[in-house]
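Chemist: only geometry, no sequence info:
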């Protein structure tokens, strides 16, 4: 039992507890940065609703998995990436896509709100549940809210009503958009080091997965 | 006893809830926040583990200690109080999870207030159980007692440690999933598995009227599990230090060997019985032993380097957990409870067909739940590994198999509902027939080897 305490509790706590934000080379940016307050609030909504029971937030490297080819991450994620999260929501199952670098590929908040309201509207056949309870359907006052969702007729509420995201919905979207792991780290370099790795190359190329680089996480 | 009946009730409600979980399925979700998929999954897991498995494990451990030690529980009122408190804790956990207060940690899903209630309740019951163990009238300790004692000591330590570190927010970053994984592994791999092994070491020989096949194998099975199980449990994470996942894979192999030794021991024990008149209750243990062996083999297979990457993040690991938790631990404890209940009330089950239906539905339910899940995991993993398959197609490919899982769960739930009904009948009968409170534990028969 004490063996277990030592190896599985003290050692990891010491090892991981000592980590501090580091400067990412070559840009010298300190990483990770604390999430903005609103995104932090969104992390709580994400946790409360168990998004973690379908989505992982840990990408593996391109040599041993298809994660990179699927555009889920540009490098493998390591302990450093989660340093400031409490708790980090790594997940364990991929009923939905990995979100470790979601902020880089899903930059459109409007789209995400629609998706959250009813995934079927933007992704036919999605298995993700609708989160309508994070939205409010209310009577249109004056000219209506500027935040109201633009819904196709078959999904629209009754005439004279509009669907508006609550703060919770906006926060969880802000959180998803704050998820990024695309700065190179010492223990997890970019497969093809580029300065300022542009977020956009995350989505398309399967070819670079063949790079000879094998990042060694300790 | 109050404690015992609450226990059954909870078992039923726990499983009833599971039914509702899966029947809704991902798509049929109501627009109620407290019934959203993510919360239900956490609630189901917490109820199964804490509402059913640990509670039933404790009850059986108490019974074993009294039986094998030929002693009487010294303070039954306190035990009942502990049991009631435990159930309050479980209820609190359930409500908090559904209200959106989940911690998001697998196997430690509820926040501090519920955890502390559970902790206190456990301590009360465990102290009485250990006092009783100390006061036993038989000096040698039968293997069942090793496991029971280990579980009683082990749980407070790991639970308190994990609660303190995780629920009070002392840790952040990657240390959180590491500690949560460590706790979950100890809880299921040592404490719950230990209670179940203890029960099987008692009931298999008892129900087949045979001596235990091998004492030495039991010693081996005990130590491998106790020493190596706590080092495992990291097959489904990648963003932790590499040595952890490596150690975890090695430990899985050793534990698999240990568990196979235990399973083989049970097998040889009931095999030795040629009378063919063995008690029907034995079937639970036969099935659970089979599930255990299968779990050991599949678990080891899954850690092979060629497989682990493909199976990571799929339902394969869920299937494995179902095999171990519902298959081995669940069936073993259910089998034990069917015997304990009748012995306590000194009555037979009112209806043999009910008993039979429960047996069949439970076994079938677990089988139809777990095997497809493992298959689903393989399909899913292979499809995901091929980047030319669009993500959603990879998920959809798993759905035909997934439907089987839902059916399995449904069968299991019907089985448990029957059991609960049957139990109520039994309790009423017992009350009517003697009009006196059921005696807790009667020392006269003692444990047979």
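Modeler: Cool, the structure landed. Here the structure is a predicted model, which is why all the values come from computation and not from measurement.

Chemist: and the residue of chain A nearest chain B?
Modeler: For chain A, the residue closest to chain B is residue A:50, as judged by C-beta to the nearest C-beta, at 1.8 Å. Every residue, glycine included, has its C-beta placed from N, CA and C.

Chemist: quick check: that residue touching residue B:42?
Modeler: Yes. Under the criterion of C-beta atoms under 8 Å, residue A:50 makes contact with residue B:42 at 5.6 Å.

Chemist: neighbour count winner among those two?
Modeler: A direct count of neighbours by other C-beta atoms under 10 Å in any protein chain shown for residue A:50 and residue B:42 places residue B:42 higher, at 28 against 23.

Chemist: in chain A, which spans are strands?
Modeler: Listed in chain order, the strands of chain A (DSSP state E) span A:22-24, A:29-31, A:135-139, A:161-165.

Chemist: confidence-wise, which of those is weakest overall?
Modeler: Between these, the lowest average pLDDT goes to strand A:22-24, which shows a mean of 65.

Chemist: common neighbours of residue A:50 and residue B:42, please.
Modeler: With C-beta atoms under 8 Å, 6 or more residues apart in numbering or on different chains applied, the overlap between the contact sets of residue A:50 and residue B:42 consists of B:102, B:104.

Chemist: now chain B against chain A: closest residue?
Modeler: Evaluated by C-beta to the nearest C-beta, chain B has residue B:38 as its residue closest to chain A, separated by 1.8 Å.

Chemist: which SS class is residue B:182?
Modeler: Three-state call for residue B:182 (DSSP: H, G, I helix; E, B strand; the rest coil): helix.

Chemist: that one reaches residue B:247, doesn't it?
Modeler: No. Contact between residue B:182 and residue B:247 fails when scored by C-beta under 8 Å: they sit 11.2 Å apart.

Chemist: between the two, which one's more packed in?
Modeler: Set residue B:182 next to residue B:247 and count neighbours by other C-beta under 10 Å: residue B:182 wins out with 27 against 17.

Chemist: ok, the more buried one to residue B:108 distance?
Modeler: Using C-beta to C-beta, to the nearest Å, one obtains 11 Å as the distance from residue B:182 to residue B:108.

Chemist: what do you get for residue B:165?
Modeler: For residue B:165, the distance to residue B:108 equals 10 Å [C-beta to C-beta].

Chemist: these two: which is more packed in?
Modeler: Residue environment comparison for residue B:165 versus residue B:108 gives the larger neighbour count to residue B:108, 24 against 19, counting by other C-beta under 10 Å.

Chemist: what sits against the more buried one?
Modeler: Residues in contact with residue B:108 (C-beta under 8 Å, 6+ apart) are B:115, B:162-163, B:166-167, B:180, B:183-184.

Chemist: which positions in the stretch 251-400 of chain B make contact with chain A?
Modeler: Residues of the stretch 251-400 of chain B found near chain A (C-beta under 8 Å from any C-beta of the partner chain) are B:309, B:312-315, B:317-318, B:380, B:384-387, B:391-392, B:395-396.

Chemist: which among those count as buried?
Modeler: With burial judged by 16 or more other C-beta atoms under 10 Å in any protein chain shown, the buried subset of these is B:309, B:312-315, B:317-318, B:380, B:384-385, B:387, B:391-392, B:395.

Chemist: do I have it right that residue B:347 meets residue B:428?
Modeler: No. Residue B:347 is beyond contact range of residue B:428, at 10.6 Å (criterion: C-beta under 8 Å).

Chemist: related to what we said a few turns ago, any common contacting residues for residue B:182 and residue B:108?
Modeler: Contact with both residue B:182 and residue B:108 is made by residues residue B:162, according to C-beta under 8 Å, 6+ apart.

Chemist: hey, where'd the helices end up in the stretch 151-300 of chain B?
Modeler: If you assign secondary structure with DSSP state H, counting those that start in this stretch, the helices in the stretch 151-300 of chain B sit at B:175-185, B:193-208, B:215-228, B:242-271, B:282-302.

Chemist: turn those into a markdown table, including mean pLDDT.
Modeler: As requested, the helices of the stretch 151-300 of chain B are arranged in a markdown table below (pLDDT from 0 to 100):
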| stretch | mean pLDDT |
| --- | --- |
| helix B:175-185 | 82 |
| helix B:193-208 | 89 |
| helix B:215-228 | 84 |
| helix B:242-271 | 84 |
| helix B:282-302 | 88 |
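
Chemist: can I get the ones you listed in TSV including distance to residue B:322?
Modeler: What follows is the helices of the stretch 151-300 of chain B, written out as TSV (distance: least, C-beta to C-beta, whole Å):
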stretch	distance to residue B:322
helix B:175-185	15
helix B:193-208	14
helix B:215-228	19
helix B:242-271	16
helix B:282-302	9
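
Chemist: which stretch among those helices comes nearest residue B:81?
Modeler: Between residue B:81 and those, the shortest separation by C-beta to C-beta is 21.0 Å, and it involves helix B:193-208.
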